[in-house]
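J.: What follows is a predicted structure for the sequence shown.
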Amino acid sequence: MSEHGGAKAPTVGTGTVPDPAQAARELRVLVGRLRRRLREVDDVRELTASQLAVLGRLERDGAASTSDLAKAERVRPQSMAATVAALEERGLIVRRPDPDDGRRQLIELTPAADETVRGARKARDEWLEQALRERFSEAELATVVAALGLLERLSD
(Lines give C-alpha, C1' and ligand atoms only; values in the text may rest on other atoms or scores of the structure.)
Protein backbone atom coordinates (compact mmCIF):
# COMPACT_ATOMS: atom_id res chain seq x y z
CA MET A 1 0.00 0.00 0.00
CA SER A 2 1.18 3.52 -0.69
CA GLU A 3 1.25 6.26 1.90
CA HIS A 4 -1.98 7.57 0.39
CA GLY A 5 -3.89 4.32 0.87
CA GLY A 6 -3.82 3.18 -2.76
CA ALA A 7 -2.48 0.07 -4.34
CA LYS A 8 1.18 -0.86 -4.31
CA ALA A 9 3.52 1.33 -6.30
CA PRO A 10 4.35 0.15 -9.83
CA THR A 11 7.50 -1.90 -10.16
CA VAL A 12 8.51 -0.31 -13.46
CA GLY A 13 11.81 1.50 -13.32
CA THR A 14 13.12 -0.27 -10.22
CA GLY A 15 15.98 -1.76 -12.21
CA THR A 16 18.69 0.12 -14.04
CA VAL A 17 16.90 -0.14 -17.39
CA PRO A 18 13.10 0.13 -17.58
CA ASP A 19 11.40 -2.99 -18.97
CA PRO A 20 8.91 -1.94 -21.70
CA ALA A 21 7.04 -5.26 -21.44
CA GLN A 22 6.52 -4.83 -17.69
CA ALA A 23 5.58 -1.16 -18.18
CA ALA A 24 3.02 -2.17 -20.82
CA ARG A 25 1.40 -4.72 -18.50
CA GLU A 26 1.28 -2.35 -15.54
CA LEU A 27 -0.05 0.53 -17.62
CA ARG A 28 -2.80 -1.66 -19.09
CA VAL A 29 -3.85 -2.89 -15.64
CA LEU A 30 -3.72 0.63 -14.19
CA VAL A 31 -5.77 2.16 -17.01
CA GLY A 32 -8.35 -0.59 -16.62
CA ARG A 33 -8.64 -0.02 -12.87
CA LEU A 34 -8.92 3.75 -13.35
CA ARG A 35 -11.62 3.31 -16.01
CA ARG A 36 -13.62 1.02 -13.72
CA ARG A 37 -13.27 3.49 -10.85
CA LEU A 38 -14.42 6.38 -13.02
CA ARG A 39 -17.39 4.31 -14.23
CA GLU A 40 -18.41 3.78 -10.59
CA VAL A 41 -18.62 7.55 -10.13
CA ASP A 42 -21.07 8.46 -12.87
CA ASP A 43 -24.73 7.61 -13.10
CA VAL A 44 -24.68 5.80 -16.43
CA ARG A 45 -23.50 2.40 -15.24
CA GLU A 46 -26.36 0.72 -17.09
CA LEU A 47 -24.67 1.66 -20.38
CA THR A 48 -21.85 -0.44 -21.80
CA ALA A 49 -18.39 0.97 -22.46
CA SER A 50 -19.12 0.80 -26.21
CA GLN A 51 -22.36 2.73 -25.79
CA LEU A 52 -20.64 5.38 -23.69
CA ALA A 53 -17.86 5.67 -26.26
CA VAL A 54 -20.39 6.29 -29.03
CA LEU A 55 -22.28 8.87 -26.98
CA GLY A 56 -19.01 10.64 -26.18
CA ARG A 57 -17.91 10.61 -29.81
CA LEU A 58 -21.23 12.01 -31.00
CA GLU A 59 -21.06 14.69 -28.34
CA ARG A 60 -17.51 15.68 -29.35
CA ASP A 61 -17.70 15.26 -33.13
CA GLY A 62 -21.38 15.70 -33.94
CA ALA A 63 -23.66 13.58 -36.10
CA ALA A 64 -22.15 10.59 -37.90
CA SER A 65 -23.20 7.54 -39.85
CA THR A 66 -23.03 4.08 -38.33
CA SER A 67 -20.15 3.19 -40.64
CA ASP A 68 -18.27 6.36 -39.67
CA LEU A 69 -18.75 5.50 -35.99
CA ALA A 70 -17.55 1.93 -36.59
CA LYS A 71 -14.37 3.19 -38.26
CA ALA A 72 -13.73 5.78 -35.54
CA GLU A 73 -14.24 3.23 -32.75
CA ARG A 74 -12.37 0.51 -34.65
CA VAL A 75 -15.18 -2.03 -34.49
CA ARG A 76 -17.05 -4.06 -37.09
CA PRO A 77 -20.05 -2.34 -38.68
CA GLN A 78 -22.30 -5.12 -37.33
CA SER A 79 -21.10 -4.44 -33.77
CA MET A 80 -21.70 -0.73 -34.18
CA ALA A 81 -25.17 -1.38 -35.61
CA ALA A 82 -26.03 -3.30 -32.41
CA THR A 83 -24.64 -0.51 -30.22
CA VAL A 84 -26.57 2.14 -32.15
CA ALA A 85 -29.78 0.08 -31.97
CA ALA A 86 -29.45 -0.22 -28.17
CA LEU A 87 -28.89 3.53 -27.83
CA GLU A 88 -31.85 4.27 -30.09
CA GLU A 89 -34.06 1.93 -28.05
CA ARG A 90 -33.12 3.91 -24.92
CA GLY A 91 -34.02 7.18 -26.62
CA LEU A 92 -30.44 8.48 -26.47
CA ILE A 93 -29.90 8.86 -30.21
CA VAL A 94 -32.03 9.58 -33.25
CA ARG A 95 -31.47 8.90 -36.93
CA ARG A 96 -32.04 11.47 -39.62
CA PRO A 97 -31.36 11.51 -43.36
CA ASP A 98 -27.94 12.75 -44.43
CA PRO A 99 -28.58 16.06 -46.24
CA ASP A 100 -25.69 15.31 -48.63
CA ASP A 101 -26.64 11.70 -49.38
CA GLY A 102 -30.26 10.63 -48.98
CA ARG A 103 -29.26 6.96 -48.90
CA ARG A 104 -27.33 7.43 -45.65
CA GLN A 105 -28.59 8.13 -42.18
CA LEU A 106 -26.82 10.24 -39.60
CA ILE A 107 -27.00 9.47 -35.92
CA GLU A 108 -27.13 12.29 -33.40
CA LEU A 109 -27.71 12.69 -29.70
CA THR A 110 -31.10 13.46 -28.25
CA PRO A 111 -31.28 16.23 -25.64
CA ALA A 112 -31.59 13.52 -22.95
CA ALA A 113 -28.34 11.89 -24.11
CA ASP A 114 -26.56 15.22 -24.29
CA GLU A 115 -27.52 15.87 -20.68
CA THR A 116 -26.52 12.33 -19.65
CA VAL A 117 -23.09 12.60 -21.28
CA ARG A 118 -22.37 16.02 -19.79
CA GLY A 119 -23.53 14.98 -16.32
CA ALA A 120 -21.49 11.78 -16.33
CA ARG A 121 -18.37 13.60 -17.55
CA LYS A 122 -18.80 16.27 -14.87
CA ALA A 123 -19.13 13.64 -12.12
CA ARG A 124 -15.98 11.82 -13.31
CA ASP A 125 -14.02 15.07 -13.65
CA GLU A 126 -15.01 16.19 -10.16
CA TRP A 127 -14.07 12.85 -8.60
CA LEU A 128 -10.72 12.78 -10.40
CA GLU A 129 -9.91 16.40 -9.47
CA GLN A 130 -10.68 15.71 -5.81
CA ALA A 131 -8.62 12.51 -5.84
CA LEU A 132 -5.65 14.34 -7.37
CA ARG A 133 -5.89 17.10 -4.75
CA GLU A 134 -6.21 14.71 -1.81
CA ARG A 135 -3.79 11.95 -2.81
CA PHE A 136 -0.85 13.79 -4.36
CA SER A 137 1.60 16.39 -3.19
CA GLU A 138 2.30 19.34 -5.50
CA ALA A 139 5.47 17.66 -6.73
CA GLU A 140 3.63 14.39 -7.41
CA LEU A 141 0.88 16.24 -9.24
CA ALA A 142 3.51 17.95 -11.39
CA THR A 143 4.91 14.51 -12.23
CA VAL A 144 1.45 13.25 -13.20
CA VAL A 145 0.91 16.29 -15.43
CA ALA A 146 4.30 15.76 -17.08
CA ALA A 147 3.50 12.09 -17.66
CA LEU A 148 0.22 13.03 -19.36
CA GLY A 149 2.13 14.58 -22.22
CA LEU A 150 4.13 11.39 -22.68
CA LEU A 151 1.09 9.16 -22.43
CA GLU A 152 -0.75 11.31 -24.97
CA ARG A 153 1.64 9.99 -27.62
CA LEU A 154 0.32 6.46 -27.00
CA SER A 155 -3.19 7.46 -28.02
CA ASP A 156 -2.14 8.93 -31.37
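T.: Cool, got the structure.
J.: Please count neighbours and contacts with C-alpha atoms only from this point.
T.: Fine.
J.: For the residue minimising distance to the centre of the chain, report the pLDDT, please.
T.: Residue closest to the average C-alpha location in the chain (Cα atoms, centre = their mean): residue 53, at 6.4 Å. Per-residue pLDDT puts residue 53 at 90.
J.: Remind me what the strand or helix carrying residue 122 packs against, helices and strands.
T.: Per DSSP states H and E: residue 122 is located in helix 111-135. Here helix 111-135 touches helix 20-41, helix 49-61, going by 3 or more Cα pairs under 8 Å, 6 or more residues apart in numbering; DSSP states H and E.
J.: Check what contacts the helix or strand just after it and list those residues.
T.: Per DSSP H and E, the first helix or strand lying C-terminal to helix 111-135 is helix 138-155. Identification of contacts with helix 138-155 by Cα atoms under 8 Å, 6 or more residues apart in numbering yields residue 132.
J.: Mind naming the longest strand for this protein?
T.: The longest strand of the chain (DSSP state E) is strand 101-109.
J.: Point out where the protein drops to low pLDDT.
T.: Where the chain drops to pLDDT under 70, the residues are 1-16, 43-45.
J.: buried residues in the longest strand of the chain?
T.: 104-109 (16 or more other Cα atoms under 10 Å).
J.: circling back to that earlier point, who's in contact with the helix holding residue 122?
T.: 4, 38-39, 41-44, 52, 55-56, 59, 91-93, 141.
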